[in-house]
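Chemist: fold the following, please.
(one chain, ligands or ions: 1)
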Amino acid sequence: MRYLNYLMTLAAALILTQGTITAQQKTEPHRPQLHFTPKKGWMNDPNGMVFFNGKYHLFFQHNPNATVWGPMHWGHATTTDLVHWNEQPIALYPDSLGTIFSGSAVIDVNNTAGFGKNAMVAIYTNHSHEGEKAGTDKFQNQSIAYSLDEGKSWTKYKGNPVLRNPGIRDFRDPKVSWYAPGKKWIMTLATLDHITFYSSPDLKSWKEESRFGKTLGAHGGVWECPDLVSFNDNGKPVWVLIVNLNPGGPNGGSATQYFTGSFNGNAFTPYDTTTKWLDYGPDEYAGITWSNTGNRKLFLGWMSNWQYANVVPTKNWRSAMTLPRELGIKKINGRYMVVSTLAKEVASVTRPLKTHSSVQVNGHYEVVRASGDADGLFRLDLGELPLTDFSIAFTNTKDEEVTVGFDKTANQFYIDRTRSGATDFEKGFAKRHVAPRLATGNSINLTLAGDAASLELFADNGVTVMTSIFFPSEPLSGITIKAPGSLQIKKLKYSTLIPNPQKR
Ligand code: FRU
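Modeler: Numbering: from 1, shown residues only. As a prediction, this is how the structure comes out:
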């Protein structure tokens with residue numbers, strides 16, 4: 001009996017939480033239900049992502065007092081499973097050296113800095129707005145702060161800044177990691193149009209090691225938010241250097257490029273000089289990986305674009321993060337590429353509703369009919385699609401639509417948000433964005449995750465990825481697959497995603 005009571009209370013609590021989400025979603029149009037969003041105010045880059053004592057920490061560029069970019073703080077959120085987020089009090093406030101721009105966090109296992117064993121140390125850019133106004137180029141400097149209580153309270157180091165600007169206007173976004181073979185910290189820093197690597201024994205004194213990239217990769221804008229990640233290919237270390245770029249992305253505005261190569265503790269040497277993009281869509285930016293996660297490389301990006309981030313039509317908050325992704329490497333045509341897939345933890349909130357081992361599409365096939373009450377929170381997995389033209393229309397009852405498709409002649413995937421609802425807040429928003437098919441196999445597989453105001457497309461097991469945001473007047477809950485002729489899909493799985501019961 002007591003057990004029954006318990007079950008009933010649990011069920012009531014579940015209904016209540018979900019009710020809250022729905023009510024809130026109705027009063028707050030476009031609020032994602034699974035992706036992390038701040039309760040209020042502005043958010044941009046993910047910062048200081050570090051795993052410690054069973055918790056994933058996410059700090060983020062945050063202006064708590066307005067829904068536009070402004071004086072930057074580090075907001076803070078934690079999760080134990082990468083899908084249920086708990087927003088925490090603000091971690092870092094602006095200080096006499098400036099506001100708190102992007103950076104990273106590490107766990108100082110060996111107490112190299114002397115702040116304490118296992119201190120959580122944040123390494124960030126202090127941006128002095130006064131310095132900027134005064135016309136000097138030295139207004140961005142790197143500073144550190146530490147926490148001995150899992151990121152709840154922070155002490156800024158008295159000797160800040162720890163790395164002074166030599167006179168480079170854009171000198172920011174330190175990503176620090178431990179280089180075990182050399183027993184030293186490596187800082188990967190964005191320095192205008194290239195990366196500068198620094199090393200340190202103690203996180204406090206930094207020495208320049210090398211520079212990379214002035215004449216390589218995409219240079220349509222400023223290099224920002226880098227990351228240096230090591231992978232292992234059957235015992236061979238393969239390094240990936242992530243470099244965010246604004247503007248100059250493949251579909252306009254900001255985007256994330258990367259290089260593959262080797263790193264010897266001093267310099268990064270690329271394997272090839274082709275420009276590669278981690279996400280071809282318009283709305284993944286400033287993406288980097290969590291530190292202290294061992295061999296798993298977990299990635300999160302900011303789901304927006306500087307081209308319009310400040311004017312998207314949301315009210316109490318602006319911007320969401322992507323869903324957590326796991327990065328890997330794969331050799332295609334003799335070249336290493338990064339592949340991104342949804343982190344396996346997303347399975348814990350995935351409830352399959354329809355699974356088919358073979359679907360014959362003659363002209364069109366309705367996976368789900370649009371309904372004004374649905375929440376537009378879903379995942380669609382399509383396997384073994386032939387290399388032929390097809391599209392998937394995500395629709396609502398207001399005749400708004402986002403279309404995802406494959407164009408065989410161009411060998412491209414695309415996401416078209418031309419008729420996706422509100423688009424007039426920025427003239428370049430209503431567009432069809434394209435990405436090359438990079439995989440070489442003769443069938444395609446797709447995973448699509450939708451959440452109120454976004455679609456994330458992982459094609460060919462994550463070789464081509466696209467993220468797109470949009471603002472329909474009601475969620476896009478209808479899904480129809482279309483093909484000019486007939487199309488056979490070997491596997492189709494449609495699932496609902498369980499909302500994140502974040503308290504707001
Ligand atoms: C990238 C970026 C960073 C900077 C931060 C400021 O989106 O411009 O280079 O540190 O945002 O908020």
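
Chemist: residues in contact with the residue positioned nearest the centre of the chain?
Modeler: Taking Cα atoms, centre = their mean, the centroid of the chain lies closest to G301, which sits 1.5 Å from it. The contact partners of G301, taken as Cβ atoms under 8 Å, 6 or more residues apart in numbering, are P46, T256, D279, E284, Y285, A286, G287, I288, M321, T322, T467. C-betas here are computed from N, CA, C, even on glycine.

Chemist: quick one: which of these has the most company?
Modeler: E284 (33 neighbours; other Cβ atoms under 10 Å).

Chemist: coming back round to it: how about the contacts of G301, which pair is most distant?
Modeler: Among the contacts of G301, the pair separated by the greatest distance (Cβ to Cβ) is I288 and T467, at 15.1 Å.

Chemist: you'd agree E345 is in a strand?
Modeler: No: applying DSSP: H, G, I helix; E, B strand; the rest coil, one finds E345 to be helix, outside a strand.

Chemist: name the nearest residue to it, sequence neighbours excluded.
Modeler: For E345, ignoring the flanking residues on the chain, the nearest one in space by Cβ to Cβ, 6 or more residues apart in numbering is L82 at 4.2 Å.

Chemist: quick one, phi psi at that neighbour?
Modeler: phi 70, psi 0 (degrees, to the nearest 10).

Chemist: and for V311?
Modeler: phi -120, psi 10.

Chemist: can you count the residues close to it?
Modeler: Counted with other Cβ under 10 Å, V311 comes out at 11.

Chemist: so it versus L245, what's the distance?
Modeler: Look at V311 and L245: by Cβ to Cβ, to the nearest Å, they are 21 Å apart.

Chemist: ok, now H356?
Modeler: Separation of H356 from L245 (Cβ to Cβ) stands at 41 Å.

Chemist: and these two? Which one has more around it.
Modeler: Per other Cβ under 10 Å, whichever of H356 and L245 has more neighbours is L245, with 26 against 14.

Chemist: close to the ligand: what parts of this protein are there?
Modeler: Residues of the chain lying close to the ligand by Cβ under 6 Å from any ligand atom are N44, D45, Q61, M72, F101, S102, T125, R172, D173, E224, C225, A286.

Chemist: touching, the second one and C225? I think so.
Modeler: Yes: using Cβ atoms under 8 Å, D45 and C225 qualify as a contacting pair, with a distance of 6.0 Å.

Chemist: shared neighbours of these two, anything?
Modeler: Common neighbours of D45 and C225 (criterion: Cβ under 8 Å, 6+ apart): S102, D173, A286.

Chemist: related to what we said a few turns ago, among the residues of the chain next to the ligand, which ones are in strands?
Modeler: N44, D45, Q61, F101, S102, T125, R172, D173, E224, C225, A286 (DSSP state E).

Chemist: which ones are touching the residue in the stretch 251-400 of the chain that the ligand sits nearest to?
Modeler: When distances are taken as Cβ to the nearest ligand atom, the stretch 251-400 of the chain reaches nearest to the ligand at A286, 4.5 Å away. Shown in contact with A286 (Cβ under 8 Å, 6+ apart): N44, D45, P46, S102, E224, C225, N244, S254, T256, G301, W302.

Chemist: ok, now which ones touch the residue nearest to it when sequence neighbours are not counted?
Modeler: Using Cβ to Cβ, 6+ apart and skipping the chain neighbours, the partner closest in space to A286 is D45 (3.7 Å). Neighbouring residues of D45 by Cβ under 8 Å, 6+ apart: F60, Q61, S102, D173, C225, Y285, A286, W302.
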